[in-house]
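Asks: Just need the structure, nothing else, for what follows:
(chains A, B and C)
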Amino acid sequence: MPELPEVQTIVNDLKKQIIGFRILDVWSDAPRLVKKPPFLEFKKEIKNLKILDIHRRGKNILIRLDKNKMLLIHQKLTGHLLIGRWQIKNQKVIPLIPGPLKESVNNYIHLIFYLNNNKMLALSDLRKFAKVILGSNKEVESLPDLKNLGVEPLNKDFTFSVFSSLISQEKRKIKTVLMDQKIISGIGNIYSDEMLWLSKIHPLSLAYQLSIFQQKKLYSALKKVLKSALYYRGSSVDDYRDPFGQEGHYSQKLRVYRRNKKPCFRCGHLIEKIKLQGRSAYFCPYCQKQ
DNA sequence: AGTCAAACCTGGGCGC
DNA sequence: TGCGCCCAGGTTTGAC
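Replies: Numbers count the residues shown, from 1 in each chain, chains lettered A, B, ... in the order given. Got it, this is the predicted structure:
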């Protein structure tokens, strides 16, 4: 499930592949992935638009187009953006390029943008949870998806005092707060577990009850984990792949996520798994005392 | 204000 | 073999 490091890796990779090219056409066998406008309109509107820029906001990918249009893509749980070439045969998507793209992510391609560089940008999504929206710059910018997002954790203006004031008025559990996109954008289940383990904080601790010392530990762990995961091109815990079908290498660096009943890398006690708001949280009961 | 469940989806793993 | 069941999970929505 792509979080900030994965989404940023994808955006960085795609920059070199799609900027300056035109979208010639769109194909989909799951038009419901496009939330706005209705698919036929979407197809008509996006035709021949030139790709001017691509960037990330939270976990959203934003592709700026000609004629003041913007394309928003959120990959949710199992979405993958892939660069390659495919052919549709009997309603099935067949890869034309051998290699890494012949992997399983290819089995779930539901949306293809045909570009004028003889390549295609495809959205593969096993769960079909992904979200695609096309609108004017203004329309897209004012969507709640973007408008309600909190601070970007890797921006310079995300200082310790900003972080401190954000969490010290939060009565919710710290893991819930870290994953709340309205507070800080881009952190999900994997990296919230990792930063809490690194700063030795229990996921169920109430945010406003953390000491200044703990806040400082968490702030630096937060930055460290995200930067490092970005450096290693994200984590491929389930099936995350970059636009070329390659895995991220941070999976080998993960310290707690999905390590239930395995020894803690720090103290050897067994990692525990608990449920928190319908999600799993992994932590070391010895290192991360409440 | 905070917590929780349901909905959106479907492959994979389990028990029988 | 194969059926039914539950689970994973980001985000939104609605209920308590």
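Asks: If we go by neighbour counts, what in the strand or helix carrying residue A:166 is buried?
Replies: Under the criterion of DSSP states H and E, residue A:166 resides in helix A:160-167. By neighbour count on 16 or more other C-beta atoms under 10 Å, the buried set for helix A:160-167 is A:163, A:164, A:166, A:167. Any C-beta I mention is one placed from the backbone N, CA and C, and that applies to glycine too.
Asks: what's the last one in contact with, if anything?
Replies: Okay, so that is residue A:167. A:174, A:177, A:183, A:207, A:208, A:210, A:215 (C-beta atoms under 8 Å, 6 or more residues apart in numbering).
Asks: Name the residues of the stretch 101-250 of chain A found near DNA strand C, please.
Replies: Residues of the stretch 101-250 of chain A lying close to DNA strand C by C-beta under 7 Å from any atom of the strand are A:127, A:129, A:144, A:145, A:148, A:179, A:181, A:188, A:189, A:190.
Asks: from the stretch 101-250 of chain A, which residue is nearest to DNA strand B?
Replies: residue A:171 (2.9 Å; C-beta to the nearest atom of the strand).
Asks: tell me the SS of that residue?
Replies: Put simply, residue A:171 is coil when judged by DSSP: H, G, I helix; E, B strand; the rest coil.
Asks: what about the spatially closest residue to residue A:168 that is not a sequence neighbour, neighbour count?
Replies: Using C-beta to C-beta, 6 or more residues apart in numbering and skipping the chain neighbours, the partner closest in space to residue A:168 is residue A:208 (5.3 Å). By the measure other C-beta atoms under 10 Å, the count of residues near residue A:208 is 13.
Asks: Residue A:208 touches residue A:164, doesn't it?
Replies: No. In this structure residue A:208 lies outside contact range of residue A:164 using C-beta atoms under 8 Å: 10.6 Å.
Asks: mind checking how far the lowest-mean-pLDDT helix or strand in chain A is from the chain centre?
Replies: Within chain A, no helix or strand scores below strand A:92-95, which has a mean of 85 by mean pLDDT, DSSP states H and E. Distance of strand A:92-95 from its chain centroid, counting by C-alpha atoms, centre = their mean, to the nearest Å, is 25 Å.
Asks: residue farthest from the centroid of chain A?
Replies: residue A:90 (32.0 Å; C-alpha atoms, centre = their mean).
Asks: how about the helices in the stretch 151-290 of chain A?
Replies: Along the stretch 151-290 of chain A, counting by DSSP state H, counting those that start in this stretch, helices occupy A:160-167, A:174-179, A:189-198, A:212-231.
Asks: So residue A:10 is in contact with residue A:2, correct?
Replies: Yes. If you go by C-beta under 8 Å, residue A:10 and residue A:2 touch, sitting 7.1 Å apart.
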